[in-house]
Structure formats: structure tokens, C-alpha cells
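> quick check, what structure comes out for this input:
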Amino acid sequence: MGRPEGTRNPGYTEKRAALTHKLLLRLLEGDGTRCSLNDLADAADASVPTLKHYFGDRAGLVVAALKSAEALGAAHVEPMAVPSSPDLATSMRDAVFHILLGWRSFGVDRVFAGSLAIGLAHVDAGPAFLTGVLEPTQQAIERRLRVHALRGEASIDDGGERAAALGFVAPLLMALLHQGPLGGDACRPLDVSAFVDTHVAAFVRAWGPR
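Numbers count the residues shown, from 1 in each chain. Sure, this is the predicted structure:
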């Protein structure tokens, strides 16, 4: 007797997750934006019909792979949501430390640069890049700043933490992309430590307690 319509094989979720992880790694390689469905099937040790069964089409596959990056980075991102000190400058410098640690030691540079390229190249993948890669860090900093504001340690109006977090995160990502994946460390080196000191000081002047 066959399965009722709409039901899935046992282990469907686990199989899809395993395929998604392999596909994410392949997509993040240098030519990931140009991978064909056949290339991706080879990387996942699967057939094209298998990929279509689990993801529908190439766009569905790319979206699923990028969204999976959120789970991979969750343990690293979560500490950024909790202030490490009542002093805003110290706390935000510690937040930068988490970003730099992930970027330099845990492959976040590769994940960010590769998934950004995919998100820009494929219209369906842009929102997946945002939700899976960029927004977790952005929203963690928003939560950190909201706690500081509620305790009187930052001058941020209710709802203003999103703008403040964007102003904090965006220059850091620009500097890291500039010095790393874009090759700026060779053609126009930047002292990242000095930049961080300047950036944090400017942020505190703008958003610190009055």
C-alpha cells in the first residue's frame, strides 16, 4: 500500500539537511554563482532528479542553501545580542571582537563574500542571503543596543536601534570585505585595529548616554 498523498519518506528532513550543507559548501566556492544543476548534483553526490525532488529547481536549492547558513552561525551570533559590559564602548568593542573572530577564524569571510555574490546574482537568493547571513548579525546588534538603551547606557529612542545597528555593522563589513575578499590588504592596506578604535569611539559619541 502506497503512502498517502503529500507524505514524505522517513528521514526526508535529515536527507534534505545533509544535501543542503553540501550544496552550501559548493556554492561558496569561487565559481559558485555559475554552478549548473549538474555541478551541484556532483558536489552533493546525488542525481539531478534527487535535487529536484528535495528543492524543486536550482533557485529553490540556492535559497535553501543560503538559509541554512543561519543555523551554522547561530552559536557565534547569539553572544552578540547580550551586552558584555554596562559601558557602551567596552560592550561594542567586544561585539566587534565576535565579528572579527568569526570572520578570521571560522570562515565567516568566505560564507559572507560567497553568499553575497550569489544573492546579488540571483533575484530569488537576495532575501535568502539577508535572512540566512546578514540579518542574524544585524538583529543581534539591535538586541544588544536595545538592552543598553533600556538601561540608560545608550541614547536610542524606541525603535531606533535598527538604524544604530546598521550604522555600526555596515562600516565594519565594508572594511572587512575591502581588506579580505576584495584584496584591499594588498592594494590599499588598512590597520583594522585602529579603524575599530575610531569606529567605536565615533559610535559612542553618536549614540552614547547623554
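> excluding chain neighbours, give the residue nearest to L66 in space.
A128 (3.8 Å; Cβ to Cβ, 6 or more residues apart in numbering). From N, CA and C alone the C-beta is placed, and that goes for glycine too.
> so how far is S36 from that neighbour?
19 Å (Cβ to Cβ, to the nearest Å).
> V147 now?
47 Å.
> what about those two, which has more around it?
V147 (16 against 10; other Cβ atoms under 10 Å).
> can you pull the contacts of that one?
V82, P83 (Cβ atoms under 8 Å, 6 or more residues apart in numbering).
> buried residues, the host helix or strand of A194. List them.
According to DSSP states H and E, A194 maps onto helix 192-207. Neighbour-count burial for helix 192-207 flags V192, F195, V196, H199, V200, F203, V204, W207 (criterion: 16 or more other Cβ atoms under 10 Å).
> now it, how far from the chain's geometric center?
Helix 192-207 sits 22 Å away from the centroid of its parent chain (Cα atoms, centre = their mean, to the nearest Å).
> list the contacts of it.
With Cβ under 8 Å, 6+ apart as the criterion, helix 192-207 contacts 88-89, 92-93, 96, 100, 145, 154-156, 164, 167-168, 171-172, 175-176, 179.
> dump the residue contacts of the residue sitting nearest the centre point of the chain.
Computing the C-alpha centroid of the chain and ranking residues by Cα atoms, centre = their mean puts V133 first, at 2.2 Å. With contacts defined as Cβ under 8 Å, 6+ apart, the neighbours of V133 are L66, A69, E70, G73, V111, F112, S115, L116, G119.
> excluding its backbone neighbours, what's nearest the fourth one?
Nearest residue to G73, sequence neighbours excluded (Cβ to Cβ, 6+ apart): P136, at 6.3 Å.
> quick one: low-confidence parts of this structure?
1-8, 30 (pLDDT under 70).
> please parse it into its domains.
Listed by automatic domain parsing, the domain ranges of the chain are 12-64, 67-207.
> burial count for the residue nearest to G73?
P136: 21 neighbours (other Cβ under 10 Å).
> now for it: which residues touch it?
P136 touches E70, G73, A74, V77, counting by Cβ under 8 Å, 6+ apart.
> rewinding a little: dump the helix holding A194 to CSV, restricted to CA.
Provided in CSV are the C-alpha atoms of helix 192-207 (Å, rounded to 0.1, in the frame of the first residue of the first chain):
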residue,chain,number,x,y,z
VAL,A,192,41.8,47.2,11.1
SER,A,193,42.5,47.6,14.9
ALA,A,194,43.0,51.3,14.5
PHE,A,195,39.8,51.5,12.4
VAL,A,196,37.8,49.7,15.1
ASP,A,197,39.0,52.1,17.8
THR,A,198,38.0,55.1,15.6
HIS,A,199,34.7,53.5,14.6
VAL,A,200,33.7,52.5,18.2
ALA,A,201,34.6,56.0,19.5
ALA,A,202,32.5,57.7,16.8
PHE,A,203,29.6,55.4,17.5
VAL,A,204,29.6,56.1,21.2
ARG,A,205,29.8,59.9,20.6
ALA,A,206,26.7,59.5,18.4
TRP,A,207,24.7,57.0,20.5
